[in-house]
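1. pasted the sequence and its predicted model underneath.
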Amino acid sequence: MRTVELIRKKRDGGELSDGEIGFLIAGIASREVADYQWASLLMAVYLRGMTDAETISLTNHMAKSGRIVDLSAIPGPKIDKHSTGGVGDKTSLILAPIAAAAGILVPMVSGRGLGHTGGTLDKLESIPGFRVDLDLDAYRATLAASGLVMIGQTAEIAPADKVLYALRDATATVESIPLITASILSKKYAEGIDGLVLDVKTGLGAFMKRLDDSRRLAESMRAIGTGLGLKTRVLITRMDQPLGNAVGNALEVAESIACLRGEGPSDLVDLSVELAAEMALMGGRGSTIEEAREICRGTIADGSALARFRSMAIAQGGDPAAIDDPNLLPKAKFTYEVKSPSSGFVSGLNAESIGRATMLLGAGRARVDSSINHAVGATLRRKIGDRVKSGDALCVIHADSEGESFEAAVELVLSAYDFAETRPTIPASIVEKL
Ligand code: URA
């Protein structure tokens, strides 16, 4: 097979066969297909798109570029959740222990934060000692013992994705629905799961800001997931304002623990329970979503979800004292209240601006290799629909140093808020389910 002919075929709008896609993916490791040829192919895919058959084939070959983890020795339904990312989105930390306590095995391979959005691994690493670099044997053992496990991508999981993602980043081809679908699903498929619940975000703080684009991604994920033989459920949910009140790694862990204790903010608890209930239902726990929701809420009320989280943290090296007393999590050097310049109601709270403000404080990374500060971030005191008086605290900033970045973060937080004289209607957080 000649690579140049395959590039020409895709460039001219043709459909690549499974054998041709398999050859191209195998060519990454064997070096038979040069990076510049893949870069050209990626642009051809970006411009021409892919049929569902091509995307299923691409996802399958990317997953098989590494190992598909065999979890068959651990009895029970294995179901994961993936979110396309947002600000303050710590639902994984809440729903995974809930689903595990409800009888679902949750093997999770997660990512790190990039840009204004956070990542599960960074949040978990704010628990002293917590390790996300388990090998696949420890991954299986933790899953069997605790019912859930959360690790980072290992060299064995979809290695072709790592190469292609770096090439996409350098060639302006990240924003392609088939490429995003294949990238996400190849890693999830390799985890060894039976089913996947996907939370596709839409709105100001999301990767896809327009509902049309989010819907196209959601439909692609569902079609390709199903084509791979995974049970797949997709929810499109709002990411206009941050989820919950905490943004920043240790602050988000503390808020997640509060949710597992039954003391969390309702927007965050409700979405986490809904996603966990979809996982539970998919795994045969409950015969309706209402029943699954009740089972999941019960795991918060009886403490079993928190016990699962604690058990996973211990298995992964984390200090349980920090879970029993979240005051032991990393703390910023000082806090600063951002005060409201207006009276009335909060009518807008731009999640991306809040995410960028916390990134300026050091909570997120601008580049994949930047280091982060687990302690810093923001706690929102007012969200959309809340009444506010001039001078009231809108948000508490947790920072380690004053200076230009701190000043810029304060300005960004202020600019994130809009005010109105009347209480705005708050749209439902779940836009639709597929
Ligand atoms: N997350 C991924 O893992 N891949 C993408 O392409 C986009 C988001």
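-> That came through, no problem.
2. mind listing what the residue in the stretch 301-434 of the chain that the ligand sits nearest to touches?
-> At 11.9 Å from the ligand, residue 368 is the closest residue in the stretch 301-434 of the chain, using CB to the nearest ligand atom. C-beta here means a position set from N, CA and C on the backbone, and glycine is covered the same way. Neighbouring residues of residue 368 by CB atoms under 8 Å, 6 or more residues apart in numbering: 112, 114.
3. so who does the closest residue to the ligand within the chain touch?
-> Closest contact between the chain and the ligand, by CB to the nearest ligand atom, is at residue 183 (3.4 Å). Contact analysis of residue 183 by CB under 8 Å, 6+ apart lists 62, 161, 164, 165, 168.
4. mind running it again at 6 Å?
-> Neighbouring residues of residue 183 by CB atoms under 6 Å, 6 or more residues apart in numbering: residue 161.
5. what about it, which helix or strand?
-> Using DSSP states H and E, residue 183 maps to helix 177-190.
6. can you show me the CA trace of that helix as PDB?
-> C-alpha atoms of helix 177-190 as PDB (Å, rounded to 0.1, in the frame of the first residue of the first chain):
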ATOM      1  CA  ILE A 177     -15.600  15.600  15.200                       C
ATOM      2  CA  PRO A 178     -14.300  12.200  13.900                       C
ATOM      3  CA  LEU A 179     -10.800  12.900  15.300                       C
ATOM      4  CA  ILE A 180     -12.100  13.900  18.700                       C
ATOM      5  CA  THR A 181     -14.500  10.900  18.800                       C
ATOM      6  CA  ALA A 182     -11.700   8.500  17.800                       C
ATOM      7  CA  SER A 183      -9.300  10.000  20.300                       C
ATOM      8  CA  ILE A 184     -11.700   9.800  23.300                       C
ATOM      9  CA  LEU A 185     -13.300   6.500  22.500                       C
ATOM     10  CA  SER A 186     -10.100   4.700  21.600                       C
ATOM     11  CA  LYS A 187      -8.800   5.300  25.200                       C
ATOM     12  CA  LYS A 188     -12.100   4.400  26.800                       C
ATOM     13  CA  TYR A 189     -12.500   1.200  24.700                       C
ATOM     14  CA  ALA A 190      -8.900   0.200  25.700                       C
END
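7. other SSEs contacting the helix or strand just after that helix?
-> Once helix 177-190 ends, the next helix or strand along the chain (criterion: DSSP H and E) is strand 195-202. Here strand 195-202 touches strand 79-83, helix 211-227, strand 231-238, helix 266-282, going by 3 or more CB pairs under 6 Å, 6 or more residues apart in numbering; DSSP states H and E.
8. could you dump the ones you listed into a markdown table with mean neighbour count and distance to the ligand added?
-> Shown next, in a markdown table, are the helices and strands packed on strand 195-202 (neighbours: other CB atoms under 10 Å; distance: least, CB to the nearest ligand atom, whole Å):
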| stretch | mean neighbour count | distance to the ligand |
| --- | --- | --- |
| strand 79-83 | 25 | 8 |
| helix 211-227 | 19 | 10 |
| strand 231-238 | 22 | 15 |
| helix 266-282 | 24 | 18 |
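9. ramachandran angles for residue 432?
-> Dihedral pair for residue 432: phi -160, psi 160, per degrees, to the nearest 10.
10. from residue 246, how far off is it?
-> Per CB to CB, to the nearest Å, residue 432 is found 27 Å from residue 246.
11. same deal with residue 352?
-> Separation of residue 352 from residue 246 (CB to CB) stands at 17 Å.
12. quick one, which of those two is more surrounded?
-> residue 246 (27 against 22; other CB atoms under 10 Å).
13. who touches the more buried one in this structure?
-> Contacts for residue 246 (CB under 6 Å, 6+ apart) come out as 252, 255, 379.
14. can you give me the pLDDT of it?
-> Confidence at residue 246, expressed as pLDDT, is 98.
15. quickly list what it is bridged to.
-> Applying DSSP bridges to residue 246 gives these bridge partners: residue 379.
16. could you do residue 195 as well?
-> On the basis of DSSP bridges, residue 195 is bridged to residue 79, residue 231.
17. give me every residue that touches it.
-> Neighbour list for residue 195: 79, 230, 231, 282 [criterion: CB under 6 Å, 6+ apart].
18. hmm, residue 282 and the third one touching each other?
-> Read it as residue 231. Yes - assessed by CB atoms under 6 Å, residue 231 is found in contact with residue 282 at 5.3 Å.
19. turn the helices and strands packed on strand 195-202 into JSON lines, columns for distance to residue 130 and mean pLDDT.
-> Formatted as JSON lines, those follow (distance: least, CB to CB, whole Å; pLDDT from 0 to 100):
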{"stretch": "strand 79-83", "distance to residue 130": "19", "mean pLDDT": "96"}
{"stretch": "helix 211-227", "distance to residue 130": "29", "mean pLDDT": "96"}
{"stretch": "strand 231-238", "distance to residue 130": "27", "mean pLDDT": "97"}
{"stretch": "helix 266-282", "distance to residue 130": "20", "mean pLDDT": "98"}
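20. any idea which of those gets closest to residue 151?
-> Closest approach to residue 151 among the helices and strands packed on strand 195-202 is made by strand 79-83 (11.8 Å; CB to CB).
21. what lies in contact with that closest one?
-> Outside strand 79-83, the residues that touch it by CB under 6 Å, 6+ apart are 89, 104, 108, 184, 188, 193, 195-199, 275, 279, 282-283.
22. so which of the residues you listed is the most crowded?
-> Using other CB under 10 Å as the neighbour criterion, residue 89 leads those with 31 neighbours.
23. that one in helix, strand or coil?
-> Following DSSP: H, G, I helix; E, B strand; the rest coil, the label given to residue 89 is coil.
24. if I pick the closest residue to it other than its chain neighbours, what's in contact with it?
-> Nearest residue to residue 89 in three dimensions, chain neighbours excluded: residue 243, at 5.0 Å (CB to CB, 6 or more residues apart in numbering). Applying CB under 6 Å, 6+ apart, one finds that residue 243 lies in contact with 88, 89, 268.
25. who are the neighbours in contact with the closest residue to the last one other than its chain neighbours?
-> Spatial nearest neighbour of residue 268, chain neighbours left out: residue 244 (3.6 Å); criterion: CB to CB, 6+ apart. Taking CB under 6 Å, 6+ apart as the criterion, residue 244 is in contact with 88, 255, 265, 268.
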